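Trainee: task: produce atomic coordinates for the following.
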Amino acid sequence: MRISVKSTLVAAAAALALTGGLAMAQNNVIESAKDQCLIGEQSDGYLGVVDGKTISTETEREMRSVNNQRKTAYANIAEQRGITVQQVGQIAAANLIEKANTGECVEATDGWVRKP
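Mentor: From the prediction side, this is the model:
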């Protein structure tokens with residue numbers, strides 16, 4: 001399926017609005033784990049465990065909850081815009097990685113890096 005530029009831009013705007021809302025809704029467990037570089041924003045639009053790190057059961061539960069919320073939101077946007085969930089996730093990822101705080105780990109093309 002061919003995706004129009006307009007459709008992609010509309011999806012990008014929706015994903016940007018979505019990720020802004022999700023970032024506001026995150027809790028202290030997630031923020032603390034991100035600050036410690038235990039988890040970070042992945043290139044697919046979801047949170048992930050940084051390579052070589054171990055997280056608590058509570059952090060894993062909270063991370064799974066956030067990722068499930070994102071998956072649902074991405075699916076809704078994808079359906080509305082006629083694009084794939086993966087495309088919405090990638091658009092959201094770019095925004096989430098850009099908005100990550102200094103010192104947090106984010107997934108880059110060559111693996112996890114601390115955001116300068």
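
Trainee: all contacts plus neighbour counts: C-alpha atoms, from now on.
Mentor: OK.

Trainee: quick one: contacts for residue 45?
Mentor: The contact partners of residue 45, taken as Cα atoms under 8 Å, 6 or more residues apart in numbering, are 70, 89-94, 96.

Trainee: could you do residue 100 as well?
Mentor: Contacts of residue 100 (Cα under 8 Å, 6+ apart): 41, 106, 115.

Trainee: how near is it to residue 51?
Mentor: According to Cα to Cα, to the nearest Å, residue 100 stands 18 Å off from residue 51.

Trainee: element containing residue 48, please.
Mentor: Assigned by DSSP states H and E, residue 48 belongs to strand 47-49.

Trainee: what sits up against that strand?
Mentor: Against strand 47-49 from outside (Cα under 8 Å, 6+ apart): 38-42, 55, 63, 66-67.

Trainee: and the helix or strand encompassing residue 113, what's buried?
Mentor: For residue 113, the host element (DSSP H and E) is strand 111-114. For strand 111-114, burial by neighbour count (16 or more other Cα atoms under 10 Å) applies to 112-113.

Trainee: just give me the residue closest to the centre of the chain.
Mentor: In the chain, the centroid-proximal residue (Cα atoms, centre = their mean) is residue 45; its distance is 3.2 Å.
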